[in-house]
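**Student:** Predicted coordinates and the sequence they were generated for:
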Amino acid sequence: MTSFSTLAAFAQASTESQPGAMIFVHGYNNSFIESIYRYAQIAHDTDLPAAAIQFSWASAGEPSAYLADRDSALISRYALAEVIDAVSAEIPGRLVLVGHSMGALPLMEALTLLDEVAQARLAARVLEIVLVSPDLDSDLFATQLGRTSLPPARFAVAINRDDRLLGLSSFLSGGRERVGNKPDAAALSALGVRVLDISGVSDGDGPGHFLPATSPTLLEVFRTRAPS
């Protein structure tokens, strides 16, 4: 396990001399307006010093449209790969890539689609890839990780075993384990990624699915800590 500073990339995406950028990919059941509002909230609450870039894929914005959203997220992976490559080529400074929930799916897929030149450019620029409550099949994640040249240590994964929405996702996926509520954190760490287990951190009556934006405790950590 790592300390809370593993996900401090939410609070500071770069060095002071190179502001850089943070690309955020929203999750399931988020309309365009809702996802923009959520990212603006994160940027404001954490005093984000970098350029805030959101990649918005075509979520239906309906709780009953889980499978339709998963298809839309997959379709968007090609466009997201183009955006990541363009940002890494055009915006100076360090980069942080953040995928929340189902947004981790197109993000990981996009990273595997980048060609050798783009992978090398990204490797030189990316500070961290942060997956928050990723709605990803565990075996799929291991495969995706092996198909990108980025070092596993650049990946930080926040898991919450109490995440009720990922419990529902697991049910809808035939009982397949999701990375974001994986009970065996050691198995994730064995892949070489950095794991932050935020189980037990409260967001009041919420489902525990986006604690970095809803937990006052974690927001304070992100505001005051720099990347290690």
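**Tutor:** Thanks, I have the structure now.
**Student:** This structure: strands as residue ranges?
**Tutor:** Counting by DSSP state E, the chain has strands at residues 21-25, 51-55, 95-100, 126-132, 155-159, 194-197.
**Student:** Need the residues that contact the third one.
**Tutor:** Same thing as strand 95-100. With contacts defined as CB atoms under 8 Å, 6 or more residues apart in numbering, strand 95-100 is touched by 9-10, 13-14, 20-27, 50, 84, 87-88, 105-108, 122, 125-134, 210. (Each C-beta comes from the backbone N, C-alpha and C, glycine too.)
**Student:** Just the mean pLDDT for it, thanks.
**Tutor:** Confidence over strand 95-100 (mean pLDDT, whole number) is 89.
**Student:** Kindly report the same for the first one.
**Tutor:** The pLDDT scores in strand 21-25 average 90.
**Student:** how distant is it from the center of its chain?
**Tutor:** How far strand 21-25 lies from its chain's middle: 9 Å, per CA atoms, centre = their mean, to the nearest Å.
**Student:** follow-up on the earlier one: TSV for the strands of the chain, including distance to residue 32 and mean neighbour count?
**Tutor:** Converted to TSV, the strands of the chain look like this (distance: least, CB to CB, whole Å; neighbours: other CB atoms under 10 Å):
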stretch	distance to residue 32	mean neighbour count
strand 21-25	13	27
strand 51-55	9	18
strand 95-100	15	28
strand 126-132	19	25
strand 155-159	24	26
strand 194-197	29	20
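**Student:** Mind listing what's buried along stretch 133-152?
**Tutor:** Across stretch 133-152, burial judged by 16 or more other CB atoms under 10 Å covers 133-138, 141-142, 144-145, 148, 150.
**Student:** Can you add distance to residue 73 and pLDDT and give those back as TSV?
**Tutor:** As requested, the buried residues of stretch 133-152 are exported to TSV (distance: CB to CB, whole Å; pLDDT from 0 to 100):
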residue	distance to residue 73	pLDDT
133	14	87
134	12	89
135	9	90
136	11	91
137	13	90
138	17	90
141	14	95
142	19	94
144	13	95
145	18	94
148	18	91
150	20	91
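**Student:** Please identify which of those residues is nearest to residue 159.
**Tutor:** Lowest distance from residue 159 to those (CB to CB) belongs to residue 133, with 7.3 Å.
**Student:** residues contacting the spatially closest residue to residue 35 that is not a sequence neighbour?
**Tutor:** Setting aside the residues directly before and after it, residue 35 is nearest to residue 26 in space (CB to CB, 6 or more residues apart in numbering), at 3.7 Å. Applying CB under 8 Å, 6+ apart to residue 26 gives the contacts 34-35, 38-39, 54, 56-57, 59, 100-101, 103.
**Student:** switch the cut-off to 10 Å
**Tutor:** Listed by CB atoms under 10 Å, 6 or more residues apart in numbering, the contact set of residue 26 reads 32, 34-36, 38-39, 54-57, 59, 73, 98-103, 210.
**Student:** ditto for residue 36
**Tutor:** 24, 26, 30, 52, 54, 56.
**Student:** I appreciate the help and will end here.
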